[in-house]
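K.L.:
fold the following and give me the result.
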Amino acid sequence: MDLTFFINVITPILQLLFGGLVVYYLNRIDQKQKDTIKLGNYAKQLYYELTPVTITLKNLLLNPELSQEYMQNGLTPDLIQKCEEHQRLSLTYIDTALKNEDSQLWKKLDKHFISLPISEYELLFRYFTVSRFSINALLTNNLNLANNQVQAILKQGLMYTDCVTAYLNYLTEESNKKYCQYLPLPKPFKFKNKYKDVYDKSYTELTNQNTKKAT
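P.N.:
I've put the predicted structure just below:
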C-alpha cells in the first residue's frame, strides 16, 4: 500500500473514528453526571422526609417512659415540662413520623431509583413499603415501650432506618462529583465518598442482624 495513500485517505478516517469515540465517551460522562445529580436530589428529598422517623426511634429508645406518655395523651403541658427537664422536646417528631410522608414521597420517586443495583434498590423498596409500615404499627398500637421485646423491635427499626439514611447520604454525596472525577483516574485522584464506609458498615450490621433472626 502506497504511503501517500495511507496518509491522505486512511489517516483522516482513523482520526474521524477516534474523534467520534472521544465525543461519544465524553457525552456518556456528561449524561452520567446529569443522572447522578438528579438521583442525588431525589435522595436528598427522601432523606429530609426520613429524618423525623430516625429522631422518633431514637427518642423512643432513649426515654420510653416519656414517649409512652406522649403517645397516650399527646403533648400535654405536664409532658412539655417533663420534656424540657429531660431536653426531649423533639418527641414532637412522632407526629410527623406517623404521617408516613416519607413512604408517600417514595411512591412518587420510586421509578427514579429502579436503575440502582438490585440489592440497593431492594433495600430502599423494602424499607419504604414494608419496614416503615411496621414501625408505624408499633407507634400506633400503644405498646409498652419499656418492654424488652418492644425495645428489640425498635432497635431493629432504627438499624434499618440508619442504613437507609446512610445510603441516601451516599447517593447525595455522589452527586457532588466533578466532571473530571467520572474519568478512570488513578486511585489517589479518584472521588472518595465520605459516606461509603458508613453505609457499608451499616449494611453489614443490618444483614448480620437479619441472618441471626432467620436462624
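K.L.:
next SSE downstream of the longest helix along the chain?
P.N.:
Criterion DSSP state H: the longest helix present in the chain is helix 11-62. Heading C-terminal from helix 11-62, the first helix or strand you meet, by DSSP states H and E, is helix 64-73.
K.L.:
what comes into contact with that following helix?
P.N.:
59-60, 79, 82-83, 86, 88, 91, 94, 139, 142, 144-146, 151 (C-beta atoms under 8 Å, 6 or more residues apart in numbering). (Each C-beta comes from the backbone N, C-alpha and C, glycine too.)
K.L.:
output the contacting helices and strands for the very next helix or strand once past it.
P.N.:
Downstream of helix 64-73, the next assigned helix or strand under DSSP H and E is helix 77-86. When contacts are defined as 3 or more C-beta pairs under 8 Å, 6 or more residues apart in numbering; DSSP states H and E, helix 77-86 packs onto helix 64-73.
K.L.:
quick one: the helix it packs on to helix 11-62, angle?
P.N.:
Angle of helix 64-73 versus helix 11-62, following axes from the mean of the first three to the mean of the last three C-alpha atoms, to 10 degrees, is 90 degrees.
K.L.:
may I have helix 64-73 exported as CSV, CA atoms only?
P.N.:
Output in CSV follows, covering the C-alpha atoms of helix 64-73 (Å, rounded to 0.1, in the frame of the first residue of the first chain):
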residue,chain,number,x,y,z
PRO,A,64,-39.6,5.1,76.7
GLU,A,65,-41.5,6.4,79.7
LEU,A,66,-41.9,10.0,78.2
SER,A,67,-42.6,8.5,74.8
GLN,A,68,-45.3,6.3,76.2
GLU,A,69,-47.0,9.2,77.9
TYR,A,70,-46.8,11.2,74.7
MET,A,71,-48.4,8.5,72.6
GLN,A,72,-51.2,8.0,75.2
ASN,A,73,-52.0,11.7,76.0
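K.L.:
show me what the host helix or strand of Glu122 is packed against.
P.N.:
Using DSSP H and E, Glu122 maps to helix 118-126. Counting contacts by 3+ C-beta pairs under 8 Å, 6+ apart, helix 118-126 packs against helix 101-113, helix 148-174.
K.L.:
residue nearest the centroid of the protein?
P.N.:
Nearest to the geometric centre of the chain sits Leu168, at 2.2 Å (C-alpha atoms, centre = their mean).
K.L.:
count of neighbours near Lys108?
P.N.:
10 (other C-beta atoms under 10 Å).
K.L.:
an error on my part: the question was meant for Gly157.
P.N.:
24.
K.L.:
spit out the contact partners of it.
P.N.:
57, 131, 134-135, 138.
K.L.:
mind running it again at 10 Å?
P.N.:
Contacts for Gly157 (C-beta atoms under 10 Å, 6 or more residues apart in numbering) come out as 53-54, 56-57, 60-61, 127, 131-132, 134-136, 138-139.
K.L.:
and the buried ones among those, selectable in PyMOL?
P.N.:
Typed into PyMOL, the line below selects the buried ones among the contacts of Gly157, using 16 or more other C-beta atoms under 10 Å:
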select buried, resi 53+54+56+57+60+127+131+132+135+136+138+139
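K.L.:
closest one of the contacts of Gly157 to Val164?
P.N.:
Using C-beta to C-beta, Tyr127 comes nearest to Val164 of the contacts of Gly157, at 4.8 Å.
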